[in-house]
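Enquirer: Turn this into a model:
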Amino acid sequence: MSKVSFLCFTSSVRKLIDCPSYYTVFNFLIYAFVKNPGVTETVRLNRFHWFGHMQRMEENEIPKRVLYMNLEATRLRGRPRNRWQDEVREDGRIVGGEGWQEKVYNRQEWKKLLRMARNRHILHMPME
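Expert: Model (predicted):
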């Protein structure tokens, strides 16, 4: 979205919520008002969606082999960074509770789980 169109978008939202131009309106309030998901929620939903594709792939497909590849490298000092799989596991726990990994192989159940997460804005918690 260009800067001009975003300014027009913001000014029209200000008119809708009857907010004077001298008030500070934060982006998360605007997104909550127009019911658009934020960036973190979009990233989490797309990551979760892609995980479903990856799990249903054949074992010899390159993306699935890369996902489960074990690299023989040393990690940096300090707190270990979260891996992609750790983030997906956390998102799955938030959305589906226990047993969410079995739903991956049933496309209808998986779509239902993704739809529920998208509609109820379950994954809008901040990423750490």
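Enquirer: Name the SS class of the residue nearest the centre of the chain, please.
Expert: Centroid check for the chain by Cα atoms, centre = their mean gives residue 44 as the closest residue, at 1.4 Å. For residue 44, the assignment made with DSSP: H, G, I helix; E, B strand; the rest coil gives helix.
Enquirer: per-residue confidence at it?
Expert: Note on residue 44: pLDDT of 86.
Enquirer: pLDDT score for residue 58?
Expert: Listed pLDDT for residue 58 reads 91.
Enquirer: For the nearest residue to it once chain neighbours are set aside, give me its contacts.
Expert: Among residues not flanking residue 58 along the chain, residue 64 sits closest, at 7.3 Å (Cβ to Cβ, 6 or more residues apart in numbering). To be clear about C-beta, it is placed using only N, CA and C from the backbone, and glycine gets the same treatment. Shown in contact with residue 64 (Cβ atoms under 8 Å, 6 or more residues apart in numbering): 54, 57, 58.
Enquirer: Look up how far residue 65 lies from the last one.
Expert: Between residue 58 and residue 65 the distance is 10 Å, computed by Cβ to Cβ, to the nearest Å.
Enquirer: between those two, who's got more neighbours?
Expert: residue 65 (12 against 7; other Cβ atoms under 10 Å).
Enquirer: Helix or strand: which one has that one?
Expert: Using DSSP states H and E, residue 65 sits in helix 62-67.
Enquirer: do residue 29 as well
Expert: Going by DSSP H and E, residue 29 is part of helix 27-34.
Enquirer: Average pLDDT for that helix, rounded please.
Expert: What helix 27-34 shows for mean pLDDT is 70.
Enquirer: ok, now stretch 109-123?
Expert: Averaged over stretch 109-123, pLDDT sits at 81.
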